[in-house]
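Trainee: can't give you the sequence, but here's the structure:
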């Protein structure tokens, strides 16, 4: 059982709940009533706070795919996206976990817009590098990840005043002390802000915090996701 921040309680029967108190938690394996290749109009927020990920346009709905991430379902993005109401624009810090795999590592793959920079994010770009503006006023040039991004990995950026850090599978990937936290009024997952670039990826689960986790909670999340999805 996990209490939501707004007083509701959620029960998840898959053996994993995020440590701490996420403000949003979106596991695809908690969707009910869908079959393989069905469109996903709503990915419910399991935190209890009601920040559902939604898509009303039929041709832009991600696709529900079964038996993908260690036997679990995923949301398939191929020019599709989820939108969110404004739940994070006032945050002064935050942390994010997402389990995904890419179609390839050498295309213009734009995963989201959760920051206030306004520049397109790429995970990954044509050179294989990550350029990420999650939760910041200035996009970071993170470099080329060592892990193979075409298998399922756990990506974990965090942003606060004077620090922006990204981990992959709980291993250090990029950090900088030059940072101002900034979050968008209308977050998107699956494309950049102006729809120039989209993500081509499978997403199994993601969740977000409005603060920076203690290292023990971060490791607990990474370990739990590794067990659940057989990530590296």
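Mentor: That came in fine, so what should we check first? Since the structure is predicted, the reported quantities are computational estimates derived from the model, not experimental observations.

Trainee: Spatially central residue for this protein, please.
Mentor: Most central in the chain under C-alpha atoms, centre = their mean is residue 98, positioned 3.8 Å from the mean C-alpha point.

Trainee: Does that residue touch residue 208 like I think?
Mentor: No - between residue 98 and residue 208 there is no contact under C-beta atoms under 8 Å: 9.1 Å. Every residue, glycine included, has its C-beta placed from N, CA and C.

Trainee: continuing past the worst-scoring helix or strand of the chain on mean pLDDT, what's the next helix or strand?
Mentor: For the chain, using mean pLDDT, DSSP states H and E, the weakest element among its helices and strands is strand 9-10, scoring a mean of 34. Toward the C-terminal end, the helix or strand that comes next after strand 9-10 (DSSP states H and E) is strand 24-27.

Trainee: For residue 209, grab the count of nearby residues.
Mentor: Burial of residue 209 is recorded as 25 neighbouring residues (other C-beta atoms under 10 Å).

Trainee: and residue 226, what are its phi and psi?
Mentor: The phi and psi values for residue 226, taken as degrees, to the nearest 10, are phi -60, psi -40.

Trainee: Show the contacting residues for it.
Mentor: When contacts are counted by C-beta atoms under 8 Å, 6 or more residues apart in numbering, residue 226 is found next to 154, 169, 232.

Trainee: so what's residue 127 scoring on pLDDT?
Mentor: Confidence per residue is given as pLDDT, and for residue 127 that number is 95.

Trainee: I'd guessed it sits against residue 144; true?
Mentor: Yes - here residue 127 reaches residue 144: they are 7.3 Å apart, a contact under C-beta under 8 Å.

Trainee: Would you mind pulling up the elements that whichever strand or helix holds residue 95 packs against?
Mentor: Secondary-structure element containing residue 95, defined by DSSP H and E: strand 94-102. If contacts are counted by 3 or more C-beta pairs under 8 Å, 6 or more residues apart in numbering; DSSP states H and E, strand 94-102 sits against strand 153-160, strand 200-209, helix 215-229.

Trainee: How far off centre is the second one?
Mentor: On the basis of C-alpha atoms, centre = their mean, to the nearest Å, the separation between the geometric centre of strand 200-209 and that of its chain is 4 Å.

Trainee: Let me know the average pLDDT across it.
Mentor: Mean pLDDT, computed over strand 200-209, is 98.

Trainee: quick one: low-confidence parts of this protein?
Mentor: Scanning the chain for pLDDT under 70 picks out the ranges 1-14.

Trainee: related to what we said a few turns ago, include distance to residue 103 when you put the contacts of residue 226 into a markdown table, please.
Mentor: Putting the contacts of residue 226 into a markdown table (distance: C-beta to C-beta, whole Å) gives the following:
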| residue | distance to residue 103 |
| --- | --- |
| 154 | 18 |
| 169 | 19 |
| 232 | 18 |
